[in-house]
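1. Give the three-dimensional model of this entry:
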Amino acid sequence: MARKGKRYTAALENVDRDAVYTIEDAVKILKDNAKSKFDETIEVAMNLGVDPRHADQMVRGTVSLPHGTGKSLKVAVFAKDAKADEAREAGADFVGAEDLMEQIQGGMMDFDRCIATPDMMGIVGRLGKVLGPKGLMPNPKLGTVTPDVAGAVQAAKAGQIEFRVEKMGIIHAGVGKASFSAEQLQENIAAFVGAIQQAKPSGAKGTYMKKVSVTSTMGPGIKLDLSAL
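-> Got it, this is the predicted structure:
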């Protein structure tokens, strides 16, 4: 912990916590300070002027980052017969129907995305109490309940991420790794921020994007200049 504290303090010296930065400057600071032995994750956090307790202020969706996330997602697919074969060929890690449901009921949760064909939702619905709290419940609006399971698996593997605003109006996601080039990180951050902007709900009042910051796993948050976004 002491080493983390020293690194964090050193990184903090390069950041004016009251200032706002362009994406270009923020990414440069992040990359300069990411000196851990592992490849740090770059994350965007946003404070939105919404109250997700109201249905017309919920912000939720997906975005395909142009350069992926740098993380290999594990995907579970509920499908049968030909659709199950399509999912396997597309690279799904777990494929099944009742058998997959039983595995998950038994505690197997070694996946990051869950996809289902529409006819499987009767089975998947029984897992609501398990998948729901983890944000893994397949949803037609997110493209995870679909007859095109191959396309959904490929999108997930290629770097599509899901986003959902939390109770206090905060939304965050990993958008790459410190080893990415500056241009790749800038484009991924811009794509994520753009997706949140496009997902602005009808019930949002006043300022929608209040604050946007970026950070690395071991580094301090850096506020972005909203006017430059």
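
2. Would you map the helices across the protein?
-> Secondary structure of the chain by DSSP state H: the helices cover 2-12, 23-33, 81-90, 98-105, 121-124, 128-131, 149-158, 182-198.

3. Please name whichever of those helices is nearest to residue 218.
-> helix 2-12 (5.5 Å; CB to CB). (Glycine included, C-beta is placed from N, CA and C.)

4. pLDDT score assigned to residue 16?
-> We have a pLDDT of 73 for residue 16.

5. who's in contact with it?
-> When contacts are counted by CB atoms under 8 Å, 6 or more residues apart in numbering, residue 16 touches no other residue.

6. Need the phi and psi values for it.
-> Torsion angles at residue 16 (phi, psi; degrees, to the nearest 10) stand at phi -90, psi 110.

7. can you tell me how far it sits from residue 47?
-> 19 Å (CB to CB, to the nearest Å).

8. Dump the C-alpha coordinates for stretch 63-73 into CSV.
-> In CSV, the C-alpha atoms belonging to stretch 63-73 read as follows (Å, rounded to 0.1, in the frame of the first residue of the first chain):
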residue,chain,number,x,y,z
VAL,A,63,-21.1,1.7,-27.4
SER,A,64,-18.5,0.0,-29.5
LEU,A,65,-15.1,1.6,-28.8
PRO,A,66,-13.1,2.1,-32.0
HIS,A,67,-10.0,0.4,-30.4
GLY,A,68,-11.7,-2.0,-28.0
THR,A,69,-11.1,-2.0,-24.2
GLY,A,70,-7.9,-4.0,-24.1
LYS,A,71,-9.7,-6.6,-22.0
SER,A,72,-10.8,-10.0,-23.3
LEU,A,73,-14.5,-10.4,-22.4
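
9. Fine, thanks again, bye for now.
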